[in-house]
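>>> Predicted structure and sequence below. I'll ask about it afterward.
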Amino acid sequence: MDAKTDTEPVEDLARDGFCLVPGVLGRAELDGLAELARRKLDAERPEHFERFSHHGSLIPVRYDDPELVAVLLSPGVREAFRGLGMTDPKWINGYVIAKPPRSPGLWWHQDWWAWGTPRTYTAEPTQLFCMLYLQPTTPENGCLRAIPGSHLARHPLHDLPEPHTLEIEGQPADSPSHQRWPGEVDVLAQPGDLVIGDVRVIHATHPNTTDAWRTAVDLLLVPHFSSLPAEFRAHYTNQFCQPPVGWWEDPDHPLVGTPFGELLPTYDGPDRDRMMAYSRKPTWPNP
């Protein structure tokens, strides 16, 4: 199996659907993320880790988590976003994803949720994930696995059970949902690196076979918000990790006129409060 360490992030993201930008976060940002993860994990009940055993955890982070704000406003992150050609980046939501020792791998899946829309079939990504790891990742401790190019082309793994359902959660370790696949790539990252991927790309993780936790904070981003169709802009403004819709209309709101406020989606058009219907099972246009 190949290992991905990356040299040309822009080209890799466009061609493969994922890339690695090395050495973006400094010690202060990493310490903040570690504190954020510790606080979220300590507050979670044991049943959460049982429900999300393949992820490890799936704990939301919010707009009012100060460590998140510090990372998104850090010079390194903002420069990385510019370097990747993001014209109007907005933070949408995020999670603490921590794989406990001796935990199973995450099944093959993609995280796109609007397969029935024409936007799905454009080369430009609508939504990205950004993984920030707190430990070096390896195949032994559950690093990311990905299928290059699967964000833009039909792949047999698209026929697996729908992502994030009890059906795929119940797939055994020797099933196609977990097996090795020709051309798959291990994404090996160090603390401080950004691992960025198109949410349409097919990805998974190895099991964590070590005696240590493998912890990450996953941030979901829209790289070109202002160019999106109105229905997408309204949808993203209504995300559960965001402040209440309309916060930008209050001149006394603490986010108005701030750098972090500029990284949050806002929308004032028709159907401002309406979410789009989710369609997680891939469909493809006729040739």
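Everything's here; your move. Residues are numbered from 1 along each chain as shown.
>>> Only C-alpha atoms from now on, for both contacts and neighbour counts.
Noted.
>>> what's the span of stretch 17-32, first residue to last?
Counting by Cα to Cα, to the nearest Å, the length from the leading to the trailing residue of stretch 17-32 is 28 Å.
>>> should've said stretch 125-139
End-to-end distance for stretch 125-139, by Cα to Cα: 27 Å.
>>> Also stretch 116-133?
OK, stretch 116-133 end separation, Cα to Cα: 32 Å.
>>> ok, and for that stretch, which residues are buried?
Buried positions in stretch 116-133, judged by neighbour count with 16 or more other Cα atoms under 10 Å: 116, 120-121, 125-133.
>>> tell me the mean pLDDT over it?
Averaging the model's pLDDT scores along stretch 116-133 yields 95.
>>> And the contacts of that stretch?
Contacts to stretch 116-133, defined as Cα atoms under 8 Å, 6 or more residues apart in numbering, come from residues 14, 114, 152, 189-199, 214-224, 228, 279, 283.
>>> Relative to residue 136, how far out is the closest residue to residue 162 other than its chain neighbours?
If you skip the residues right next to it in sequence, residue 162 has residue 281 as its closest partner in space, 5.7 Å away by Cα to Cα, 6 or more residues apart in numbering. Residue 281 is 32 Å from residue 136, where distance means Cα to Cα.
>>> do residue 9 as well
In this view, residue 9 and residue 136 are 19 Å apart by Cα to Cα.
>>> of those two, who's got more company?
Neighbours around residue 9 and residue 136, counted as other Cα atoms under 10 Å, are more numerous at residue 9. The numbers are 20 against 15.
>>> Let me see the contact set for that one.
Taking Cα under 8 Å, 6+ apart as the definition, contacts of residue 9 comprise 19-21, 84.
>>> rerun at 10 Å
Neighbour list for residue 9: 15-16, 18-22, 80, 83-84, 195-196 [criterion: Cα atoms under 10 Å, 6 or more residues apart in numbering].
>>> Show me the strands in the chain, by range?
Applying DSSP state E to the chain gives strands spanning 2-4, 18-21, 59-61, 90-99, 128-133, 144-146, 185-187, 194-198, 203-205, 214-222.
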